[in-house]
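Chemist: Generate a structure from the sequence data that follows.
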Amino acid sequence: MQLDIDYVRRQFPAFDEPSLAGQAFFENAGGSYTCKPVIDRLTRFYHQRKVQPYAPYEASRLGGEEMDEARARLAAMMGGETDELSFGPSTTQNTYVLAQAFGQWMAAGEAIIVTNQDHEANTGPWRRLAERGIEVREWRIDPETGHLDLADLANLLDENVRLVCFPHCSNVVGEINPVAEITAMAHAAGAFACVDGVSYAPHGLANVADIGADIYLFSNYKTYGPHQGIMVIRRAIGAMLPNQGHYFNAGCLYKRFTPAGPDHAQIAACAGMADYFDGLYAHHYGAQVDVITQARAVHDLMRDHETRLLQPVLDYLSAKNSVRLLGPREAEARAPTVAMAITGSGETAAVQLAERGIMAGGGDFYAVRALQGMGIDPDQGGVASEFRPLHQPSGS
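Modeler: A predicted model of the protein is given here:
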């Protein structure tokens, strides 16, 4: 089965937008265009349900039901329980809140492990815990390849480590890390595992049970939805960490790490992401089956399509002496986020690409530590693109 790209494009109003005609969008790593089911649900909420939810009157009751629907459907697709999934304003904010909780729970002298492969959102908040006397250990990438070696992690793990934080894949290196192996190593040492899935989730939602993550975070606005962050926190650790929300919400798992009031409309609209994935399955495979089987099938459908598109790009860049391709040269080993170091400014190159109708970005992509770890000047940065099944050239 191959992805029907014409069907996919019909689900995104951006492809019918005259102002985008002749443009090729290759900056999905910074955020994706939104699919029609999400837009429709958001519009309906603002038109019909924009009231305080969960009251007995009809508009409020329906608004609350739509918020609950989004949580339940997305949690099920990821192999979690409904109340293990929380929404927040962004992944950066969600990680910050989690770091505060761990900072209260951990004792001085205990340790966490972070990497220098991460986007700053999943490393900066944890590193600040050193100010509280918590030891921060850095799992460093290979300076040539950007690879994280499991043997290096083994050398960092001991009885003092309480948490291992790492990316499912880096937004500049692109290599898909062996999450299940890493989480198993952390658990064997008595530590929890926090996985940043921001750069992986757009290519298929992860099953948290399969990969063993205690915490998994990603951004809805990179998975065809509104600007929210999602975090799945397994019950064992969520109930153990100190409550960060209102004290009277401490008994509700999905409210424990949401100190601010949630964006009701955007949460409700997130059910449109599930609508889109369900529609992809139904179009390609027919009758609906259980949600986990469907999610895995859609994941594989998207990965197969983007892998076939990506390999010729990697081959081309690998053959160019004028650029340094970051990360693996084999499409199967990486997400289709392609970053390269070039001579001169990445931002200048992005301007030149824009003149040719190619929408891409240049800079450090909030992965300053990863670039420094590979000997690249963050002030020069590089050029990054992300190849996905939906955002190929429209109108050209």
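Chemist: Pull the number of nearby residues for the closest residue to residue 380 other than its chain neighbours.
Modeler: Nearest in space to residue 380, with sequence neighbours left out and distances taken as CB to CB, 6 or more residues apart in numbering, is residue 345 at 5.8 Å. Using the backbone N, CA and C atoms, a C-beta is placed for each residue, glycine as well. As a burial measure, the neighbour count of residue 345 was computed by other CB atoms under 10 Å and equals 16.
Chemist: wait, residue 345 sits on residue 378?
Modeler: No: counting by CB atoms under 8 Å, residue 345 sits too far from residue 378 to count as a contact (11.7 Å).
Chemist: Please identify every residue contacting each of these two.
Modeler: Common contact partners of residue 345 and residue 378 (CB atoms under 8 Å, 6 or more residues apart in numbering): none.
Chemist: Could you tell me how far the residue nearest to residue 380 is located from residue 322?
Modeler: Taking CB to CB, to the nearest Å as the criterion, residue 345 is separated from residue 322 by 14 Å.
Chemist: same deal with residue 6?
Modeler: 36 Å.
Chemist: try residue 113
Modeler: Applying CB to CB, the value for residue 113 to residue 322 is 37 Å.
Chemist: And the two? Which one has more around it.
Modeler: A direct count of neighbours by other CB under 10 Å for residue 113 and residue 322 places residue 113 higher, at 24 against 8.
Chemist: how about the stretch of helix or strand that one belongs to: buried residues?
Modeler: When elements are defined using DSSP states H and E, residue 113 is found to belong to strand 111-115. When neighbours are counted by 16 or more other CB atoms under 10 Å, the buried residues of strand 111-115 are found to be 111-115.
Chemist: Output the residues you listed as CSV; include the columns distance to residue 263.
Modeler: Formatted as CSV, these follow (distance: CB to CB, whole Å):
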residue, distance to residue 263
111, 35
112, 30
113, 33
114, 29
115, 30
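Chemist: so which pair among those residues is furthest apart in space?
Modeler: Pairwise distances among the buried residues of strand 111-115 were taken by CB to CB; the largest, 14.1 Å, belongs to 111 and 115.
Chemist: partners of the strand holding residue 113, with directions?
Modeler: Strand 111-115 pairs in its sheet with strand 135-139 (parallel), strand 161-167 (parallel), by DSSP bridges.
Chemist: mind listing the helices for the stretch 251-396 of the chain?
Modeler: The residue ranges that make up the helices of the stretch 251-396 of the chain, judged by DSSP state H, counting those that start in this stretch, are 264-269, 271-285, 291-318, 346-354, 368-373.
Chemist: Which one of those helices lies nearest to residue 160?
Modeler: When the helices of the stretch 251-396 of the chain are ranked by proximity to residue 160, the top entry is helix 368-373, at 22.9 Å, counting by CB to CB.
Chemist: Show me which positions of the closest one end up buried.
Modeler: Burial within helix 368-373, assessed by neighbour count using 16+ other CB under 10 Å, is assigned to 368-371, 373.
Chemist: pLDDT value on the residue lying closest to residue 3 once chain neighbours are set aside, please?
Modeler: For residue 3, ignoring the flanking residues on the chain, the nearest one in space by CB to CB, 6+ apart is residue 305 at 3.9 Å. Here the pLDDT value assigned to residue 305 is 94.
Chemist: From here on, call the first residue 59.
Modeler: Renumbered: residue one is now 59, and that last one reads residue 363.
Chemist: Residue 363 touches residue 62, doesn't it?
Modeler: No: assessed by CB under 8 Å, residue 363 is found out of contact with residue 62, at 9.6 Å.
Chemist: just the helices in the stretch 59-208 of the chain please.
Modeler: Going by DSSP H, counting those that start in this stretch, the stretch 59-208 of the chain shows helices at 63-68, 94-102, 116-135, 149-163, 182-185, 208-214.
Chemist: what's the closest of these to residue 390?
Modeler: helix 208-214 (18.8 Å).
Chemist: tell me which strands and helices the closest one is in contact with?
Modeler: With contacts defined as 3 or more CB pairs under 8 Å, 6 or more residues apart in numbering; DSSP states H and E, the packing partners of helix 208-214 are strand 193-197, helix 237-246.
Chemist: Any buried residues in it, and which?
Modeler: With burial defined by 16+ other CB under 10 Å, the residues of helix 208-214 counted as buried are 211, 214.
Chemist: just stretch 266-279 next, same as before
Modeler: Taking 16+ other CB under 10 Å as the basis for neighbour counts, the residues of stretch 266-279 that come out buried are 266, 269-279.
Chemist: And the residues you listed, which two are furthest apart?
Modeler: Within the buried residues of stretch 266-279, 270 and 279 form the most distant pair, 26.5 Å apart (CB to CB).
Chemist: Would you mind measuring the gap between the ends of stretch 371-386?
Modeler: Start to finish, the residues bounding stretch 371-386 are 12 Å apart (CA to CA, to the nearest Å).
Chemist: which phi and psi does the closest residue to residue 234 other than its chain neighbours have?
Modeler: Closest residue to residue 234 in three dimensions, ignoring its sequence neighbours and counting by CB to CB, 6+ apart: residue 227, at 4.8 Å. Backbone torsions of residue 227, given as degrees, to the nearest 10, read phi -150, psi 150.
Chemist: who's sitting farthest from the centroid in the protein?
Modeler: residue 115 (36.1 Å; CA atoms, centre = their mean).
Chemist: contacting residues around the residue nearest to residue 427 when sequence neighbours are not counted?
Modeler: The spatial neighbour of residue 427 that comes closest, neighbours along the chain excluded (CB to CB, 6+ apart), is residue 174 at 4.2 Å. Each residue near residue 174 by CB under 8 Å, 6+ apart is listed here: 181, 196-199, 427-428, 430-431.
Chemist: Distance check, residue 174 against residue 180.
Modeler: As defined by CB to CB, residue 174 lies at a distance of 11 Å from residue 180.
Chemist: Counting neighbours, what do you get for residue 421?
Modeler: Tallying neighbours of residue 421 according to other CB under 10 Å, which is how burial is gauged here, yields 19.
Chemist: Which strand residues bridge it?
Modeler: Note on residue 421: beta-bridge partners residue 440, judged by DSSP bridges.
Chemist: residue contacts, it?
Modeler: By CB under 8 Å, 6+ apart, the contact list for residue 421 reads 404-405, 408, 439-440.
Chemist: related to what we said a few turns ago, and the residue nearest to residue 234, how many residues sit next to it?
Modeler: Around residue 227 sit 25 other residues, with neighbours defined as other CB under 10 Å.
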